[in-house]
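[1] structural data only, the sequence is not supplied:
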């Protein structure tokens, strides 16, 4: 009886399940490519690893760890800007500092916990700053009409 229910569930939601799996695979592929490019940049500054898989795992774990701080780093400058507490340039500078900090600590903690990875602080800082520079374009003034 329960197998029939599971079979019915799969048949009923087959497209949703396949879509979710394909999106997950696509996400992992994109993150893996980004991890390999980031690892190549960090290697110039003393990044060492045992295998390609350890680089990908390093960036997946670091992404998960730094995500909560990254949310705050992105939202805080936008909130101050929308409340007219800071100028657009101050909001961008604040975003660069906070996002670099968030990414740096996510990578640093992951480096500390993984034995197959060895990253110098300068390599972590450089890639964190590059990631922050890529996201700074999200900081822009939102007219008050769009906020409500």
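    Good, I have the coordinates. These numbers come from a predicted model, not from an experiment.

[2] and the strands in this structure?
    Counting by DSSP state E, one finds strands in the chain at the ranges 48-49, 117-118.

[3] hmm, residue 125 and residue 46 touching each other?
    No. Counting by CB atoms under 8 Å, residue 46 does not reach residue 125; the two are 11.4 Å apart. Every residue, glycine included, has its C-beta placed from N, CA and C.

[4] what about the two, which has more around it?
    residue 125 (19 against 13; other CB atoms under 10 Å).

[5] what's the closest non-adjacent residue to the more buried one?
    residue 104 (6.0 Å; CB to CB, 6 or more residues apart in numbering).

[6] count of neighbours near residue 98?
    19.

[7] look up how far residue 78 lies from it.
    Between residue 98 and residue 78 the computed distance is 11 Å (CB to CB, to the nearest Å).

[8] buried set for stretch 104-118?
    Buried residues in stretch 104-118, counted by 16 or more other CB atoms under 10 Å: 104-108, 110-111, 114, 117.

[9] would CSV of the strands of the chain with mean pLDDT and distance to residue 41 be doable?
    Shown next, in CSV, are these (pLDDT from 0 to 100; distance: least, CB to CB, whole Å):
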stretch, mean pLDDT, distance to residue 41
strand 48-49, 92, 13
strand 117-118, 93, 15
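
[10] now these as a markdown table including distance to residue 71?
    Formatted as a markdown table, the strands of the chain follow (distance: least, CB to CB, whole Å):
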| stretch | distance to residue 71 |
| --- | --- |
| strand 48-49 | 28 |
| strand 117-118 | 25 |
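
[11] so which of those strands is nearest residue 58?
    Evaluated over the strands of the chain, closeness to residue 58 peaks at strand 117-118, with 4.9 Å, by CB to CB.

[12] which helices and strands does the closest one pack with?
    When contacts are defined as 3 or more CB pairs under 8 Å, 6 or more residues apart in numbering; DSSP states H and E, strand 117-118 packs onto strand 48-49, helix 52-82, helix 88-113.

[13] quick check: neighbours of it in the sheet, parallel or antiparallel?
    Sheet pairing for strand 117-118, assigned by DSSP bridges, gives strand 48-49 (antiparallel).

[14] related to what we said a few turns ago, contacting residues around the residue nearest to residue 125?
    By CB atoms under 8 Å, 6 or more residues apart in numbering, the residues touching residue 104 are 124-125, 128.
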